[in-house]
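Trainee: predicted model and sequence follow; I will ask about them next.
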Amino acid sequence: MAYRVGHVLEYVLLRSLTALVGLLPHRAALALAWALAAVARGPARRRLRTAAARVAEVFGGQFDPRARRAVVRRAWRNLFFNAVEVMRIPRLTPARLLRLTRWDDPGGLREYLRAGRGAILAVPHMGNWDLAGVAAPSHGIPVFFMARRQKNPLTDAYLNRLRSQTGVEVVLTDSRSLREVVRRLARGQVLAILPDVRAKRAALDIAFLGGRANLGRGLALFARAAGVPVFPTYCRRTDWTQHVFTSLEPIWPDPAADPDADERRITQSVMERVEPAIRAQPEQYFWFNKRWVLEPLGKSPPDGPPAA
């Protein structure tokens, strides 16, 4: 197969950065990420201003301009920390992951899974949400997730290899996705899904962060099709290296309800349960995605970064 020059260069850069951060001690790699984040603030000024405007939209007068900028700077640094931690996946053994992460379980997720039943984790863009999926098998949670093929086949294959090294499986989004997801849930596996992604087409109009969000039906559709509960789960970075993942009380589908109404109820309940965590620690949230969750359908800022 012939590859585009841009794809090869992107792949070589990714592999080179991965090799570099893999050679460094963990804290030194994060220090490099912090430095890169500081350097990148200059070229990303417009992007950071857009994020600050989003913080103002959500919190109003709760933060003055200086406080809003501080929230955005910490969120920006967290984004670079997250990227470096993903690059270090080959060095993250199960024992290492258990030292770096803790899974709080007030919702009883692990007790529920002991019976061999499947579930859905609704994990918003908070903390290091990618690391939650990578760490889940080390905490006894047999997680898998869905992903679209990236435009660069080289980086797509490489990132999937990184994820699979920790026992995480990926289901590619295509016409057979629903059947494959339901089959895995029936086998007792756990689907991790991002609930706070704005759908490209009209979907579910959901109250979130003081506004209205057009969210996809995916997590509720899968829950109803497989008859499994949704556990809202949020992530927090407690210091440079430590992470806490918290699974809340489950939301069950109602097979007797109208499908549309039940999908709205499930999705709205998920967002209501994770919102307090975002409001309590806004610096942990991801304010930089291109399809801002509260942006009206069909409108996106032209300077936004690629969607997560």
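Mentor: Yes, it's here.

Trainee: low pLDDT regions in this protein?
Mentor: 1-2, 149-150, 152, 156, 160, 162-167, 174-175, 298-308 (pLDDT under 70).

Trainee: any idea where the strands of it begin and end?
Mentor: Using DSSP state E, the strands found in the chain span residues 101-104, 119-122, 143-147, 169-172, 190-193, 204-208, 211-215, 230-237, 243-247.

Trainee: is it possible to get TSV of these that adds mean neighbour count and distance to Val58?
Mentor: Yep, even glycine has a C-beta here, placed from its N, CA and C like the rest. Putting the strands of the chain into TSV (neighbours: other Cβ atoms under 10 Å; distance: least, Cβ to Cβ, whole Å) gives the following:
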stretch	mean neighbour count	distance to Val58
strand 101-104	18	25
strand 119-122	27	19
strand 143-147	19	26
strand 169-172	15	32
strand 190-193	23	22
strand 204-208	17	9
strand 211-215	20	8
strand 230-237	25	16
strand 243-247	21	21
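
Trainee: could you check how far the residue nearest to Glu272 when sequence neighbours are not counted is from Trp76?
Mentor: The shortest distance from Glu272 to any non-neighbouring residue, by Cβ to Cβ, 6 or more residues apart in numbering, is to Ala207 (7.8 Å). Distance of Ala207 to Trp76, computed by Cβ to Cβ, to the nearest Å: 27 Å.

Trainee: re earlier: the residue nearest to Glu272 and Thr267 touch, don't they?
Mentor: No. Counting by Cβ atoms under 8 Å, Ala207 stays clear of Thr267, with 10.3 Å between them.

Trainee: which parts of the stretch 151-300 of the chain are helices?
Mentor: Taking DSSP state H, counting those that start in this stretch as the criterion, the stretch 151-300 of the chain contains helices spanning 153-164, 177-186, 218-226, 259-280.

Trainee: which one of the ones you listed lies nearest to Arg4?
Mentor: Among those, helix 153-164 comes nearest to Arg4, with 9.5 Å by Cβ to Cβ.

Trainee: what's near enough to touch Pro229?
Mentor: Neighbour list for Pro229: 112, 119-120, 223, 250-253 [criterion: Cβ atoms under 8 Å, 6 or more residues apart in numbering].

Trainee: do the same with Leu294
Mentor: Shown in contact with Leu294 (Cβ under 8 Å, 6+ apart): 54, 57-58, 198, 208-209, 211-213.

Trainee: switch to 7 Å and redo it
Mentor: 57, 209, 211, 213 (Cβ atoms under 7 Å, 6 or more residues apart in numbering).

Trainee: can you put the residues you listed in JSON lines and add distance to Thr101?
Mentor: Converted to JSON lines, these look like this (distance: Cβ to Cβ, whole Å):
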{"residue": "Glu57", "distance to Thr101": "32"}
{"residue": "Leu209", "distance to Thr101": "26"}
{"residue": "Gly211", "distance to Thr101": "32"}
{"residue": "Ala213", "distance to Thr101": "28"}
